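**Student:** Sequence and predicted structure, then a few things I'm wondering about:
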Amino acid sequence: MHIPDGYLGPPTCGFFYLIMLPVWAVASRVVKKTLKARQVPLLAIGAAFSFVIMMFNIPIPGGTTGHAVGGVLVAILLGPWAACIALSVALVIQAFLFGDGGITAIGANCFNLAFLLPFSGYYLYRMISYRAKPGALRRVIAAGIAGYLAINIAALFTGIEFGLQPLLHRAANGQSLYCPYGLNVAVPVMLGEHLLIFGWIEALVTALVLKYLQKQSPELILQ
Amino acid sequence: MKLYRKLWIGLGVLALISPLGLFLPAYFKSGSAWGEWRNDEMQKLIGYLPQGLAKFARLWQAPFSGYAIKDWEGKGSLASGPAYIISAVLGILLVGLLVFAVGKFFTKKENKENVEKR
């Protein structure tokens, strides 16, 4: 789900940078106010975990690949704003050092994976685990469902961003300038592969790690 | 804290087995992720290379592009596996350190207050 350079036109890239600038500003302010010093090591570990879990490409035999993101887990543990910063750092390093995701698409990739995914995942988790006791199984199930749905929300928006390109940009000869696939292809493919396969990986990763942490150190799980 | 040490070890284990994310897709003959094709793959898919894509695709040459080491390329899985592990370790350390530094910076005020209270 890392959009490379050249797949989104300059207006789309600029648009998402413009959206993300105030999001990053608010995230800094909120995290400055709410993050406790003792949570900093866990935030660093969460960001590093998200970085490495994205390297585990899961194959669809004969088709494409995809991976979990781990962002819902970080959001559940430390809140969505802290997760936004942690995921943004991971995505920037992936783009600049490893060429995973374009540098012109950092705004869009951060919007999908560092904003939509942790925020939707966090609030879904809070809703489903409402009033669940610390250590309750319902929290683990809530984490799994939130992970599954949040990565699909991110995939849906990624599909929309890809799919809008042929509508926005065409060369004089009718060829596409950027992503050549429209909404009718990009949305069903992005959403379909995450609904069928990669969503379950995100669900599993989120639920299992939360279950482990809940057992090891119940005080880590905030709410 | 003992738990954090366990978690860092867990990250190390993940880095060591990360080449699974490289070799499993190759074993099952899965191509690139959807929407992340190389230029030659795109050419094959739709019969031409979109002009804007051609212009921007090489905008940035990442030093470890594709979690690989350029000098080791073409030497098969004996080189690409270790390069993938090195990339994972490098990424974990860099992302971890950066977020740790950002977190420390954001919680500076709290630390100062604690010191003053003492």
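**Tutor:** It's in.

**Student:** and the nearest residue to A:Gln39 once chain neighbours are set aside, backbone torsions?
**Tutor:** Spatial nearest neighbour of A:Gln39, chain neighbours left out: A:Leu78 (6.0 Å); criterion: Cβ to Cβ, 6 or more residues apart in numbering or on different chains. Placement of C-beta: from N, CA and C, glycine included. Main-chain torsions, A:Leu78, degrees, to the nearest 10: phi -130, psi 0.

**Student:** isn't A:Leu78 right up against A:Arg38?
**Tutor:** No. Here A:Leu78 lies out of contact with A:Arg38, judged by Cβ atoms under 8 Å, at a distance of 11.4 Å.

**Student:** which of those two has more neighbours?
**Tutor:** A:Leu78 (27 against 10; other Cβ atoms under 10 Å in any protein chain shown).

**Student:** what's that one in contact with, if anything?
**Tutor:** Each residue near A:Leu78 by Cβ atoms under 8 Å, 6 or more residues apart in numbering or on different chains is listed here: A:35, A:39, A:42-43, A:46, A:86, A:222.

**Student:** Kindly indicate the member of these with the most neighbours.
**Tutor:** A:Ala86 (36 neighbours).

**Student:** tell me the pLDDT at the residue nearest to it when sequence neighbours are not counted?
**Tutor:** Leaving out its chain neighbours, the residue that sits closest to A:Ala86 by Cβ to Cβ, 6+ apart is A:Ala47, at 3.7 Å. Here, the pLDDT recorded for A:Ala47 equals 98.

**Student:** can you pull out the strands in chain A?
**Tutor:** Along chain A, the stretches classed as strands by DSSP state E are A:58-59, A:65-66.

**Student:** Can you add distance to B:Asn39 and mean neighbour count and give those strands back as CSV?
**Tutor:** Formatted as CSV, the strands of chain A follow (distance: least, Cβ to Cβ, whole Å; neighbours: other Cβ atoms under 10 Å in any protein chain shown):
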stretch, distance to B:Asn39, mean neighbour count
strand A:58-59, 22, 20
strand A:65-66, 18, 26
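
**Student:** Indicate which one of those is closest to chain B.
**Tutor:** Closest approach to chain B among the strands of chain A is made by strand A:58-59 (3.6 Å; Cβ to the nearest Cβ).

**Student:** just checking, what packs against that closest one?
**Tutor:** Here strand A:58-59 touches strand A:65-66, helix B:20-27, going by 3 or more Cβ pairs under 8 Å, 6 or more residues apart in numbering or on different chains; DSSP states H and E.

**Student:** Buried residues in the last one, which are they?
**Tutor:** When burial is assessed from 16 or more other Cβ atoms under 10 Å in any protein chain shown, helix B:20-27 yields the following buried residues: B:20-22, B:24-25.
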